[in-house]
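A.B. asks: sequence unknown, structure follows:
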């Protein structure tokens, strides 16, 4: 058996399982997370019972050749790898992953008076806040202030993403694609975008 670490596409650990030759072949053939269950003494197709299945993206071998990494996207009504209905076997996620889960839940059912709900429903307000917070981040200089403004930008950007049905993993895929590009754009600022942002800020 091979010790197998299951991770998200951004390399966050979801749990520790085991793989056999047969389970690896089944995983590659199905494009899903399939492992070896020592308690059942056979294949464990993650999600067949719980509905929390996994889309398999890649399998890697570690530097010593004695452990595997399955990189997956966890699926389900409430994506959970753990039998305790948590995304990871180490409890609730933190940081941006926790924010993503909260925003996804708010999109379905937000409490009365929720600011996030207001942003989901008012596209113009969301656009204005994104522009405003991006400007504040651009002008921040002290490390703590930069961190605070970055957190604000992340919040509003992820509200935009959740509203559009875009996940953190989707963004990771785009970043990885760009890392592999041979040719790159010059990256100069766009005058019409600067002007449009200025128009929003003058409102």
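C.D. replies: It's in. A quick note: this is a predicted structure, and the numbers were derived from the prediction, not measured.
A.B. asks: The chain: strands as residue ranges?
C.D. replies: 2-7, 13-19, 34-37, 42-45, 54-61, 67-74 (DSSP state E).
A.B. asks: burial measure for the closest residue to residue 111 other than its chain neighbours, as a count.
C.D. replies: Here the nearest residue to residue 111 in space, its sequence neighbours aside, is residue 117; by C-beta to C-beta, 6 or more residues apart in numbering that works out to 7.8 Å. C-beta here means a position set from N, CA and C on the backbone, and glycine is covered the same way. Taking other C-beta atoms under 10 Å as the criterion, the count of residues near residue 117 is 15.
A.B. asks: Verify the stated contact: residue 117 with residue 106.
C.D. replies: Yes: between residue 117 and residue 106 there is a contact at 6.3 Å, judged by C-beta atoms under 8 Å.
A.B. asks: ends of stretch 78-92, how far apart?
C.D. replies: This stretch, stretch 78-92, spans 12 Å end to end (C-alpha to C-alpha, to the nearest Å).
A.B. asks: So for it, mean pLDDT?
C.D. replies: pLDDT averaged over stretch 78-92 equals 90, rounded to a whole number.
A.B. asks: Now do the buried residues in that stretch.
C.D. replies: Applying a neighbour-count criterion of 16 or more other C-beta atoms under 10 Å, the buried positions in stretch 78-92 are 79, 80, 81, 82, 86, 87, 88, 89.
A.B. asks: Serialize those residues to JSON lines and add fields for distance to residue 102.
C.D. replies: Output for the buried residues of stretch 78-92, formatted as JSON lines (distance: C-beta to C-beta, whole Å):
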{"residue": "79", "distance to residue 102": "13"}
{"residue": "80", "distance to residue 102": "15"}
{"residue": "81", "distance to residue 102": "18"}
{"residue": "82", "distance to residue 102": "18"}
{"residue": "86", "distance to residue 102": "14"}
{"residue": "87", "distance to residue 102": "12"}
{"residue": "88", "distance to residue 102": "16"}
{"residue": "89", "distance to residue 102": "20"}
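A.B. asks: rewinding a little: look up how far residue 158 lies from the residue nearest to residue 111.
C.D. replies: Here the criterion is C-beta to C-beta, to the nearest Å. By it, residue 117 lies 15 Å from residue 158.
A.B. asks: For the spatially most central residue of the chain, which non-adjacent residue is spatially closest?
C.D. replies: Closest to where the C-alpha atoms of the chain average out (C-alpha atoms, centre = their mean) is residue 168, at 2.7 Å. Counting by C-beta to C-beta, 6+ apart, the nearest residue to residue 168 once its immediate chain neighbours are dropped is residue 100, at 5.5 Å.
A.B. asks: Many thanks, we can stop here.
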